[in-house]
Each structure stands twice: as structure tokens, then as C-alpha cells.
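K.L.:
compute the structure for the input listed below.
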Amino acid sequence: MRYQIRLTEDALKQLAKLPRNLRNSILKAIEERLSETPYRFKPLVCNWKGYFRMRFGDYRIIYKVEEEAVTVVVVRIAARGCVYN
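P.N.:
Residues are numbered from 1 along each chain as shown. Below you'll find the predicted structure:
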């Protein structure tokens, strides 16, 4: 089963601030990795309970899986040091 990928408005704004080549690489990784197996990445805890983290170099992609809609919702894309703030 393939999951649809949806980026929130905040994630799109964060992505737009990145250089074009990095932006394209991150989008490709999101499509390839999350559409097939979104549960293979690390689940988060505390304030981010229910979300998962995918690592892409020094960047982190925070997302949640909506099973009913068969959708992965990307909520944040940012450098490792500030993604959880």
C-alpha cells in the first residue's frame, strides 16, 4: 500500500528557505522513503508523541501517519539543532 504525502503550510515554508538542490533531494527522499514504509523511522516521545522522525543528513523531517486517510503528513523540515523547538 502506498501512502500519499502531504506537507503542511509550515513545512512548505521551511522547505522553500532551503537551497534548490537540497530541497529537491529532500522531496525525493520523502517521496521514496515515506510513501512505502513510514513506520520504519524513529518514533518521537514527550511533546512529539505520535510523530516520527526521518533523518536526511543534518536535517530532520517530522511527520505523522494518518492511517484512515492513508496519508503521511510532514509537519516540519529543519536543521537538526532547531527542528524540535
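K.L.:
list the buried residues of stretch 14-25.
P.N.:
14-15, 18 (16 or more other CB atoms under 10 Å). For the C-beta atoms, the positions are set from N, CA and C on the backbone; glycine is no exception.
K.L.:
same thing with stretch 56-71?
P.N.:
Buried residues in stretch 56-71, counted by 16+ other CB under 10 Å: 56, 59-63, 65.
K.L.:
mind putting the buried residues of stretch 14-25 in a markdown table, secondary structure, distance to R6 and pLDDT included?
P.N.:
Converted to a markdown table, the buried residues of stretch 14-25 look like this (DSSP: H, G, I helix; E, B strand; the rest coil; distance: CB to CB, whole Å; pLDDT from 0 to 100):
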| residue | secondary structure | distance to R6 | pLDDT |
| --- | --- | --- | --- |
| Q14 | helix | 15 | 95 |
| L15 | helix | 13 | 95 |
| L18 | coil | 19 | 94 |
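K.L.:
what's the closest of those residues to Q4?
P.N.:
Minimum separation from Q4 among these (CB to CB) is found for L15, which lies at 17.3 Å.
K.L.:
and the gap between the closest one and I30?
P.N.:
10 Å (CB to CB, to the nearest Å).
K.L.:
now do the same contact list for V74.
P.N.:
5-8, 11, 30, 34, 61-63 (CB atoms under 8 Å, 6 or more residues apart in numbering).
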